[in-house]
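S.K.: how would this look folded up:
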Amino acid sequence: MIRAGRRHFVRTLADLAAQQNVHVQSYVNAKRHLVDGFPAPISSAGSRTRLYDSEQVDAFLAGKPVPSLPAEDDDQDLLDRRECAAALGISPRTWDKYKTTYPILTERLVTVAGVEHWPRSILHQHQTQQSAKATAAPGRPTRAGDQIPRDQLLTRTKPLLDANPTISAATVTEELGVHRDTAQDALLRLRADRMADLMRTDPSLTPDQSAADLGYPPGQVRRAKIRAAAVLRAHRIAPYLADVAQALHRAGWTTTAAAPDVQHPADDLVVAVLVLDGPQPPAPALVWDERHGWRTATSRRHPLTRGAALPPPGDGIRYLADDTTPPADALTAALAAALAT
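M.R.: Predicted coordinates for the structure are as follows:
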């Protein structure tokens, strides 16, 4: 670390090489900084850029006793990313996420010799803020509304999950001012989507392995594993749904050929809705359900039944094929037949 008041003494290996009128690579190759008695770096172990205290180096080169650096911690000490992570008991990778998530850390970044540092006092303030949030009254008042719009929920939750893969719904509730159930749903969706992305990249991974690779504790991903598998199935069925949407558009029953967005009314279920908004459609909407394929729906606004239950045939509900994925042309023919009857 850079002790308080000693920032102006900081030197890099390039600075030390220039001081002795040699090229930095020649300096490193000659291992002049590794000779017995040479002052130790003030940067943390493993840092890509080694930093030294020039007062110590100058004394060594002059053959004088190397002065000791202050031993007492000071609020104005500057700590690099590894030292900050160690002070908070987290990994350097997690610190990299913290520094862009929490404004108090972002605003007090200090760059010295090309290396990012933070004052020790800011770490204390950050810990105090987090402790205050943790000890505040949990939960939300009964019937209290969420403080952010639903369409911004995932965007606002994403950096919190980036910074802390083990974050709980209770913490999201306190950070964003939303209901516990809302926070739980956001974390479920984000974790499941990321697990599915990872499994698409590496098909050999299981849901458990993908969760472990992302740093998600087993106790937090029971539902996310189920949903991740459904997200994968939705990805595979998307081209077929796009073909059907185009066929219905060609038939004049939809005003757009856009593929429908898949939905997950239950964690382990994939469905899709195609609204038939063209002139004289055979039904207000079509629903594709991975369990039973295509059926007509009686409402454009509410085509899905509550709780993803399957409605019985009749009263405008008609199941169109025995196969869950009939060819698009065959589906169009079945709809035309339904319109003729």
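
S.K.: Okay, and Asp36 sits in which element?
M.R.: Element membership for Asp36 (DSSP states H and E) is empty, with no helix or strand holding it.

S.K.: how many other residues sit next to it?
M.R.: 4 (other CB atoms under 10 Å). Quick note: C-beta positions are derived from backbone N, CA and C, even for glycine.

S.K.: how near is it to Leu154?
M.R.: Distance, Asp36 to Leu154, by CB to CB, to the nearest Å: 57 Å.

S.K.: tell me the domain ranges of this structure?
M.R.: The chain breaks down into these domains under automatic domain parsing: 1-137, 151-220, 235-340.

S.K.: gap between the second one and the chain center?
M.R.: Centroid separation for domain 151-220 versus its chain: 7 Å, with CA atoms, centre = their mean, to the nearest Å.

S.K.: cool, and stretch 324-341?
M.R.: 41 Å.

S.K.: got the buried residues for that stretch?
M.R.: Thr325, Pro326, Ala328, Leu331, Thr332, Ala334, Leu335 (16 or more other CB atoms under 10 Å).

S.K.: Over to stretch 205-220?
M.R.: Leu205, Pro207, Ser210, Ala211, Leu214, Tyr216, Gln220.

S.K.: so what's the second one closest to, chain neighbours aside?
M.R.: Distances taken as CB to CB, 6 or more residues apart in numbering place Lys225 nearest to Pro207, at 3.8 Å, with adjacent residues excluded.

S.K.: In which helix or strand does that neighbour reside?
M.R.: helix 222-250.

S.K.: neighbouring contacts of whichever helix or strand comes after that helix?
M.R.: Proceeding N to C from helix 222-250, the next assigned helix or strand is strand 262-263, under DSSP H and E. Strand 262-263 has contacts (CB atoms under 8 Å, 6 or more residues apart in numbering) with Ala234, Ile237, Ala238, Leu241, Val270, Val271, Ala272, Val273, Leu304.

S.K.: tally of neighbours for the fourth one?
M.R.: The tally of other residues near Leu241 (other CB under 10 Å) stands at 20.

S.K.: What's the separation between it and Leu286?
M.R.: Applying CB to CB, the value for Leu241 to Leu286 is 10 Å.

S.K.: same check, this time on the third one
M.R.: Shown here: Ala238 relative to Leu286, a distance of 16 Å by CB to CB.

S.K.: These two - which one has more neighbours?
M.R.: Remark: of Ala238 and Leu286, Leu286 carries more neighbours, 26 against 16, as counted by other CB under 10 Å.

S.K.: what stretches of the stretch 51-200 of the chain score poorly on pLDDT?
M.R.: 131-148 (pLDDT under 70).

S.K.: what do you get if the cut-off is 50, keeping everything else the same?
M.R.: Scanning the stretch 51-200 of the chain for pLDDT under 50 picks out 137-145.

S.K.: tell me the strands in it, going along the chain?
M.R.: For the stretch 51-200 of the chain, the strands defined by DSSP state E, counting those that start in this stretch cover 51-53, 78-79, 110-112, 115-119.

S.K.: can you put these in JSON lines and add mean neighbour count and distance to Ser168?
M.R.: Below are the strands of the stretch 51-200 of the chain laid out as JSON lines (neighbours: other CB atoms under 10 Å; distance: least, CB to CB, whole Å):
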{"stretch": "strand 51-53", "mean neighbour count": "22", "distance to Ser168": "38"}
{"stretch": "strand 78-79", "mean neighbour count": "22", "distance to Ser168": "27"}
{"stretch": "strand 110-112", "mean neighbour count": "13", "distance to Ser168": "32"}
{"stretch": "strand 115-119", "mean neighbour count": "20", "distance to Ser168": "26"}
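
S.K.: and Gly89, how many residues sit next to it?
M.R.: Number of residues near Gly89 (other CB under 10 Å) recorded here: 8.

S.K.: Apologies, that question was intended for Glu83.
M.R.: For Glu83, using other CB under 10 Å, the count is 23.

S.K.: and it, what is it in contact with?
M.R.: Applying CB under 8 Å, 6+ apart, the residues contacting Glu83 are Met1, Ser44.

S.K.: Offset the numbering so it begins at 58, please.
M.R.: Got it, first residue is 58 now, which makes that one Glu140.

S.K.: how near is it to Asp153?
M.R.: 14 Å.
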